[in-house]
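K.L.:
Here is my input, please return the structure:
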Amino acid sequence: MKKILVMNGPNLNMLGIREKGIYGVKTLNEINSFIAEQTKNMEVELEFFQSNHEGVLIDKIHDAYGDKDGIVLNAGAYTHYSYAIRDAISSVSIPCVEVHLSDIHVREAFRHISVISDVCVAQICGKGEQGYVDAIALLTEERK
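P.N.:
Okay, here's the model as predicted:
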């Protein structure tokens, strides 16, 4: 059984309220329930985590070392400028998939840049909640 950490960064706790035209109407809890339901036959143990604080996210990545087989990370806005999160991912050597609900490559110019993508095994954008499921599937294939 693979142990996967599903992490969400800043403002993702506001899903279902914020910018519904971009992020949809489901709350983060509803998305987490969807992920759990869709992966129930994948032989994975999921841990869900969300924080608006960069240091807390970094600590959680560090804590995953030796405990998790993979990380699914929607770093939110930190994707575009947090070299500290990038370095945390790099330091633990745990396969990480970067996920975004929307397609960051067709949004505002500043969102086109990801400083974490080069330390992740893949980037999945614009697939909504299904992107998380696809990331988990990818991580279970990566670590067989």
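
K.L.:
just so I have it, where are all the helices in the protein?
P.N.:
Along the chain, the stretches classed as helices by DSSP state H are 20-23, 28-38, 54-64, 83-92, 130-142.

K.L.:
Can you name every helix or strand that the shortest one contacts?
P.N.:
Going back to what we said before, that points to helix 20-23. Taking 3 or more C-beta pairs under 8 Å, 6 or more residues apart in numbering; DSSP states H and E as contact, there are no helices or strands that helix 20-23 lies on. C-beta: built from backbone N, CA, C; applies to glycine.

K.L.:
which outside residues touch the lowest-mean-pLDDT helix or strand in the chain?
P.N.:
Taking mean pLDDT, DSSP states H and E as the measure, the chain has helix 20-23 as its least confident helix or strand, at a mean of 78. With contact meaning C-beta atoms under 8 Å, 6 or more residues apart in numbering, helix 20-23 is reached by Leu15, Leu101, Ser102, Arg107.

K.L.:
Where does the prediction get shaky in the protein?
P.N.:
Counting by pLDDT under 70, the ranges of the chain that qualify are 142-144.

K.L.:
centroid residue for it?
P.N.:
When C-alpha atoms, centre = their mean is applied to the chain, the residue found nearest the centroid is Leu73 (2.0 Å).

K.L.:
In contact with the residue nearest to that residue when sequence neighbours are not counted, which residues?
P.N.:
Once flanking residues are discounted, Leu73 sits nearest to Met7: 4.8 Å by C-beta to C-beta, 6 or more residues apart in numbering. Counting by C-beta under 8 Å, 6+ apart, Met7 makes contact with Phe49, Gln50, Leu57, Lys60, Ile61, Ile71, Val72, Leu73, Asn74, Ala75.
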